[in-house]
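> Turn this into a model:
(one chain, ligands or ions: 1)
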Amino acid sequence: MDKPVVNLFFRLMGLHFWVRDLILPREKILREVGIQPGHIVVDFGCGTGSYSVVAGQIVGPSGKVYALDINPFAIETTSKAAQKKGLSNIETICSDCTTGLKNESVDVALLYDTLHTLSEPQAVQQELHRVLKPDGVLSVSDHHLKQEQIISRITEVGLFKLEEKGKYTYSFTKI
Ligand SMILES: C[S@@+](CC[C@H](N)C(=O)[O-])C[C@H]1O[C@@H](n2cnc3c(N)ncnc32)[C@H](O)[C@@H]1O
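Next up is the predicted model:
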């Protein structure tokens with residue numbers, strides 16, 4: 001069972017992400033994934049909302065971003081970040097696994113810097129597999145894991161196959 005980190009650690013993480021995003025804007029990463037206006041995106045483990053906010057800007061008013069995190073402080077931080085940018089297409093979900101979304105309703109699921117921390121990666125993958133459209137993409141990156149670890153942790157569950165390895169991300173599609 002995963003547990004939210006304490007707020008002080010979360011704030012320090014936020015500071016680290018702020019510097020990270022200055023060095024490499026998250027838009028560069030999301031453009032690689034092919035997120036388009038009108039897309040429905042789930043940002044699983046949204047943290048401070050770095051990716052959710054940029055994804056919200058890319059998908060525009062006809063799209064939607066579901067920003068999910070186990071940590072209520074992450075949810076609050078992401079909501080505030082979305083408000084600050086004037087985005088009304090970001091909905092937050094406080095959960096450790098289930099999204100409450102409809103079957104096959106999502107174009108892209110982001111799993112960034114979160115795979116390494118999941119105690120039940122299989123359950124999370126089952127949920128993301130359920131909500132992704134048949135041609136949907138599970139986009140993964142995790143600098144805590146080596147390439148082989150990322151690929152094996154996803155493919156060994158048997159729900160996704162590696163479609164493409166980009167400069168920043170790994171794109172998996174449903175089997
Ligand atoms: C290192 S942060 C990454 C945040 C964000 N994806 C980014 O890269 O900017 C990992 C996030 O995953 C969340 N998390 C960890 N386990 C989770 C779970 N089982 N369900 C939902 N969120 C989880 C943590 O609370 C944290 O906000």
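
> Can you tell me which helix or strand of this structure has the lowest average pLDDT?
Each helix and strand of the chain was given a mean pLDDT (mean pLDDT, DSSP states H and E); the minimum falls on helix 7-23 at a mean of 89.

> Mind listing what's buried along that one?
Neighbour counts over helix 7-23 (16 or more other CB atoms under 10 Å) mark 10, 14, 17, 21 as buried. Every residue, glycine included, has its C-beta placed from N, CA and C.

> can you list these in JSON lines and add distance to the ligand?
Rendered in JSON lines, the data for the buried residues of helix 7-23 read as follows (distance: CB to the nearest ligand atom, whole Å):
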{"residue": "Phe10", "distance to the ligand": "7"}
{"residue": "Gly14", "distance to the ligand": "9"}
{"residue": "Phe17", "distance to the ligand": "5"}
{"residue": "Asp21", "distance to the ligand": "8"}
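
> and stretch 15-25, how far out from the chain's middle?
Here stretch 15-25 is found 17 Å from its chain centre; the criterion is CA atoms, centre = their mean, to the nearest Å.

> Output it as PDB - backbone C-alpha positions only.
Below are the C-alpha coordinates for stretch 15-25, written out as PDB (Å, rounded to 0.1, in the frame of the first residue of the first chain):
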ATOM      1  CA  LEU A  15      11.500  23.000  -5.600                       C
ATOM      2  CA  HIS A  16      13.500  20.400  -7.400                       C
ATOM      3  CA  PHE A  17      10.800  20.100 -10.100                       C
ATOM      4  CA  TRP A  18      10.700  23.900 -10.500                       C
ATOM      5  CA  VAL A  19      14.400  23.900 -11.400                       C
ATOM      6  CA  ARG A  20      14.000  20.800 -13.500                       C
ATOM      7  CA  ASP A  21      11.200  22.400 -15.500                       C
ATOM      8  CA  LEU A  22      13.300  25.600 -16.000                       C
ATOM      9  CA  ILE A  23      16.100  23.500 -17.500                       C
ATOM     10  CA  LEU A  24      13.900  21.300 -19.600                       C
ATOM     11  CA  PRO A  25      10.300  22.700 -20.200                       C
END
